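**Q** Give me a 3D structure for the following:
(one chain, ligands or ions: 1)
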Amino acid sequence: MTQAVAFILAPKNSGLERYREKAFSLLKNLDKAKVIELRGEDIPFMVEEYSRKGKNTIGLTGEDLFNEYCVTENSNNLEILERIEWSDPNTLYGKPALCLLGPKDKQLNELAKYLSICISAKYRNMAEKYLKTLEESGFCFRKIYVSGCVETGYSEGIADLAIDIVYSGATMERNGLRVYEKIKESDFVIITAKNEPKPRQSIEGIEKYSPPTDGRRGMLRLDFNENTKGCSEKVIQALKEITADEISAYPEYGKFTSKLAEYLEVNEKELLLTNGSDEAIKLTMDVFIEKGEEVLIPEPTFRLFGIYAQIAGAKISKISYKEDLSFPTDEILEKLDENPKMLVLVNPNNPTGTAIYENDLLKIIDKAKNTVVLLDEAYYQYYGKSAKEKIRQYPNLIILQTFSKAFGLAGLRMGYIIANSKTISLMKKAASPYSVNAVAMKAAEAAMLDTEFIQEYVKEVKKNREAMVKELNDLGVETFPSEANFILAKFGKKAETVRERLLEKSILVRDAGKYPMLEGCLRITIGTTEQCKTSLREIKSALNEEALIFDMDGVLVDVSGSYRVAIQKTVEYFTGKSIAPAEIQEFRELGGNNNDWELTEAILLKRKVKIPKEKIKEKFQEIYEKQGLASAEKALAKSATLAGLKKKFRLGIVTGRPKKEALATLEKFGFLGYFDVIVTDDEIPEGKGKPSPFGIRRAMKILGTKTASYFGDTVDDMEAAARAKIKPIGVIPKSAASEKLWELLVKKGAVKILYDINEAKELII
Ligand code: PLP
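**A** Numbering: from 1, shown residues only. As a prediction, this is how the structure comes out:
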């Protein structure tokens, strides 16, 4: 080690003593190093933390724990400095090894495809990664993570396989297991954090702004307020005519700037071209903000203001927009008394769409004599107003505009600053000399000359914006007054459903829910009439979406060979007498029992045998699990049926099964991915089981839907659905087909009876 080490993080475990000592003997310059003892598994994480805080640190640990950490944290910031070979003749492999263990007398390919596996929680992620390859080859695992005694899980019949560290192999053998595959061997390692350059302090706390930069092509992009029609044909024409000379030389800005000045009716000395207005924001912060100076940002607004201010080391003060998302003029005026260094104004604002009243804006600019006013007018074409004529009177006013939005040139990155000529010449000192490229300039020139294209597009957008607002309001969706080419719409709990549904139809909208005050809001760019119609149609269908909710047993899964057998055997166990399946069916038809434990209890009571609930449950589960009854279950629904229904409806389950079992069963049949919500017995309070509508209501609340159907096979299912004010649909599986049940279900409100759940497709579509 070349550099002196300040901290050594070493494992507490005395079993590692030999390796610890060896590691110390390898390390030099350790006089001043402090040794801190930790659990081996905490060491990689803590080495990273210590190093992040600038402390020169190394750690001693097992390679298994180091690997696990790298998988878990996806970290490649740590490296192995020295490997100390683990060599112990008493071990099975000479060193600890993470292994897949299975029954001694079998091979992996002789086992069933659905297996439960006990995994040492310490190696959770390495195990998951390893199991993925087995899953790809058709295995399906129910994973049980435990902190110790992994192998006993197998010997006690809880699991079919195990993943754990094998050392001498004695525990494994004692439990009837052998190694099926070695996943990873482990040496003892000295680790350290890679030397990464330390950023400025202001950068460290910044939360990265990550707008999607990939995967938007070919989609209907209503998420970034671009021109959804593209750009003017004249731009494409101009680009086709670009010459090699124009590209090979560094860009010359004079001619273009004077044309832009003429277009904007300002002086060319009052203009500075930037690489999109993003660069203009950054440049303004760089020029004016000294570390610790105050930047006032009304919130919510475009995120890059905060980020660039933070990079500049500013002290950011936020002032909230009003509840109706109108501009907080009075608060800003008051705050200006404190002379903040900069005030950010976005007019119209993104993401709210709301504008600052003209009078208010003038009052603010007039009061802000000692404050730099950064006024972003990215959407000025839609608003139709700009404050640019004020720059001569106010040298502290800096206006940003862009070719990204109405002009449709977002991909070329061209923006500009309009300010007092003195301010511009000051800002030029800090600007990159060639940040705008020749191609962008060529395109921008053609774009601004095609005034007709812009005027028509802006007119169309404004018309469509009003129509869209009306349509959304008619659907009960609140919107906010917009002066830009987008609207902010409040979908509340349905926002995510709407966004996802639109995405499924290749329509992108922006989730604004992460901005302060905008929970449940989506920002939707307004485009052509056709595009608005398309998005509206999908929004409507997402909002009106009906949900289909299913009972599990007897509807999706045939439990005649599992739960029914468990009922039968539990009753037999407590009464010493056998019971016919037909009698169990009769009890089911009678209703009043939320799950099969309760049903068993009812049968026992009828036979005058009173057993505490807990005892019944325990025995029932023991029979169900020990006798592997789950493996006798069959799927009643076909994957194709569920996949078809999922395309049109949101699917849910309300079942009397415990969560763990429900999930394992759904996973086993490959059904898990079809359901957006699964309400299980353990989520339903005592006394609120079916026929109470509690479970169904809960599922509907999570789904955010008011219309649904519930598919069930008992009278209680029908009653619960009717009480939840949704359509009860009876399902009578072949194994239980009886006229009596048909009558009972209809009597309890079933609007339809299916003899096969796969008929649901025809029934509903
Ligand atoms: N300012 C506002 C208010 C914006 O909404 C955006 C883009 O979304 C920008 C600036 C950035 O635009 P440009 O593409 O010019 O960097």
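
**Q** For this protein, which residues score under the pLDDT cut-off?
**A** Within the chain, the segments meeting pLDDT under 70 span 1-4, 14, 29, 212, 544, 735-737, 763-765.

**Q** Quick one: name the residues of it near the ligand.
**A** The chain has residues 224-225, 276-278, 302, 346, 350, 376, 378, 402, 404, 410, 415 near the ligand, with proximity defined as Cβ under 6 Å from any ligand atom. To be clear about C-beta, it is placed using only N, CA and C from the backbone, and glycine gets the same treatment.

**Q** what about whatever residue of the stretch 151-300 of the chain ends up closest to the ligand, distance to residue 122?
**A** When you check the stretch 151-300 of the chain against the ligand by Cβ to the nearest ligand atom, the closest residue turns out to be residue 276, at 2.9 Å. Applying Cβ to Cβ, to the nearest Å, one obtains 48 Å for the distance of residue 276 from residue 122.

**Q** How about residue 519: what's its closest non-neighbour residue?
**A** In space, residue 519 comes closest to residue 513 once its chain neighbours are excluded; the distance is 5.2 Å by Cβ to Cβ, 6 or more residues apart in numbering.

**Q** Contacts only, for that neighbour.
**A** Counting by Cβ atoms under 8 Å, 6 or more residues apart in numbering, residue 513 makes contact with 495, 519-522.

**Q** Can you report how many residues lie near residue 276?
**A** Residues lying near residue 276 (other Cβ atoms under 10 Å) number 23.

**Q** Can you report how many residues lie near the closest residue to it other than its chain neighbours?
**A** With Cβ to Cβ, 6+ apart as the criterion, residue 276 has its nearest non-adjacent residue at 4.2 Å, and that residue is residue 413. Other residues lying near residue 413 total 19 when counted by other Cβ under 10 Å.

**Q** sorry, back to before: go through the contacts of residue 513 and flag which are in helices.
**A** Under the assignment DSSP state H, these contribute residue 495 to helices.

**Q** Pull out the buried residues from the contacts of residue 513.
**A** By the neighbour-count criterion of 16 or more other Cβ atoms under 10 Å, the contacts of residue 513 include these buried positions: 495, 520-522.

**Q** helix/strand/coil for residue 105?
**A** In the three-state summary, residue 105 is assigned as coil, counting by DSSP: H, G, I helix; E, B strand; the rest coil.

**Q** which ones are touching it?
**A** By Cβ under 8 Å, 6+ apart, no residues touch residue 105.

**Q** Now it, what are its backbone angles?
**A** Geometry field for residue 105 lists phi and psi as phi -90, psi 10, criterion degrees, to the nearest 10.

**Q** Likewise for residue 111?
**A** The phi/psi pair for residue 111 (degrees, to the nearest 10) reads phi -90, psi 160.

**Q** Please name the nearest non-neighbouring residue to it.
**A** Using Cβ to Cβ, 6+ apart, the nearest residue to residue 111 is residue 160, at 6.3 Å.

**Q** just checking, that neighbour touches residue 110?
**A** No - contact criterion Cβ atoms under 8 Å: residue 160 and residue 110 do not qualify, at 11.3 Å.

**Q** Strands along the stretch 151-300 of the chain, start to end?
**A** Counting by DSSP state E, counting those that start in this stretch, one finds strands in the stretch 151-300 of the chain at the ranges 161-166, 177-185, 188-193, 220-222, 271-274, 294-299.

**Q** now swap in the stretch 651-765 of the chain and tell me
**A** Per DSSP E, counting those that start in this stretch, the stretch 651-765 of the chain has strands spanning 677-679, 708-712, 727-731, 752-754. These are given in chain order.

**Q** Reformat these as TSV; add mean neighbour count.
**A** Putting these into TSV (neighbours: other Cβ atoms under 10 Å) gives the following:
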stretch	mean neighbour count
strand 677-679	21
strand 708-712	26
strand 727-731	25
strand 752-754	17
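
**Q** distance of the residue nearest to the spatial centre of the chain from the ligand?
**A** Within the chain, the residue whose C-alpha comes closest to the C-alpha centroid is residue 496; the distance, by Cα atoms, centre = their mean, is 10.4 Å. The gap separating residue 496 from the ligand is 22 Å, by Cβ to the nearest ligand atom, to the nearest Å.

**Q** tell me the contacts of that residue?
**A** Applying Cβ under 8 Å, 6+ apart, we find residue 496 in contact with residue 511.

**Q** picking that back up, could you redo the strands of the stretch 651-765 of the chain as JSON lines and give each row distance to residue 611?
**A** What follows is the strands of the stretch 651-765 of the chain, written out as JSON lines (distance: least, Cβ to Cβ, whole Å):
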{"stretch": "strand 677-679", "distance to residue 611": "28"}
{"stretch": "strand 708-712", "distance to residue 611": "27"}
{"stretch": "strand 727-731", "distance to residue 611": "31"}
{"stretch": "strand 752-754", "distance to residue 611": "35"}
